[in-house]
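just coords:
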């Protein structure tokens, strides 16, 4: 089967840096992705890592280590609007099946 | 450009009533289609996914079923709703390759009373 683990909550202040970790177990790995979801809204895609290393997109970066079955999302220069839930996701059990973690709720304070 | 439509946005249904939620995708062909359910403050539970017309994979035994009568149409149904069926239902699509980017509809908030 497939499973993902990530912390349930993270708190940080504006302007800070926060890292949200994700460990996964899956039969067949086709990449790790990250999504953001604001309260009441739909998830939106942030990033995707298929290979080891760091991918940077503006204030957000995502890292993958396939040997450790581990990745993280790094959010820099935090803003109040970054307060949301963040989900890691993998394709497993066949690359058409997209499985999400339970989500990490990020609260950014002034 | 591709768009995904999901309706209705909110729904209040009595226990024992039927359910039909519809999702359609525009601007792409042969997408993978997904139905997820999200309880308040929780993660996304994969309910069904489909790689083609009439091809449905069920992930969790439950009171729900799904159908894909057309390439870009995905329907979630129930014959008799339970209180436990309440939640936020999300339809999503992705291209049929290893890129894990999925695009979500705006969701349906279902309350069973």
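Noted; the coordinates are in hand. In this text, all values refer to a predicted model and were calculated from it rather than measured experimentally.

Can you list the strands that the helix or strand bottoming out on mean pLDDT in chain A pairs with?
Across the helices and strands of chain A, mean confidence by mean pLDDT, DSSP states H and E is lowest for strand A:98-100: a mean of 90. Strand A:98-100 has the following strand partners under DSSP bridges: strand A:84-91 (antiparallel).

per-residue confidence averaged over the partner strand?
In this model, strand A:84-91 has an average pLDDT of 94.

what does that strand rub up against?
Strand A:84-91 is contacted from outside by A:2, A:4, A:6, A:20, A:22, A:24, A:26, A:28-39, A:43, A:46, A:71, A:73, A:97-106, B:43-44, B:98, B:100, B:102, using Cβ atoms under 8 Å, 6 or more residues apart in numbering or on different chains. For glycine as for every other residue, the C-beta is placed from the backbone atoms N, C-alpha and C.

Would you mark the buried spots in that strand?
Residues A:84-91 are the ones in strand A:84-91 that count as buried (16 or more other Cβ atoms under 10 Å in any protein chain shown).

Then stretch B:75-95?
B:75-76, B:78, B:81, B:85-94.

rewinding a little: please, a PyMOL command that selects the buried ones among the contacts of strand A:84-91?
Here is the PyMOL command that picks out the buried ones among these, judged by 16+ other Cβ under 10 Å:
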select buried, (chain A and resi 2+4+6+20+22+24+26+29+30+31+32+33+34+35+36+37+43+46+71+73+97+98+99+100+101+102+103+104+105+106) or (chain B and resi 43+44+100+102)
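
out of the contacts of strand A:84-91, which are inside strands?
Within the contacts of strand A:84-91, residues falling in strands by DSSP state E are A:4, A:20, A:22, A:24, A:32-37, A:46, A:71, A:73, A:98-100, A:104-106, B:44.
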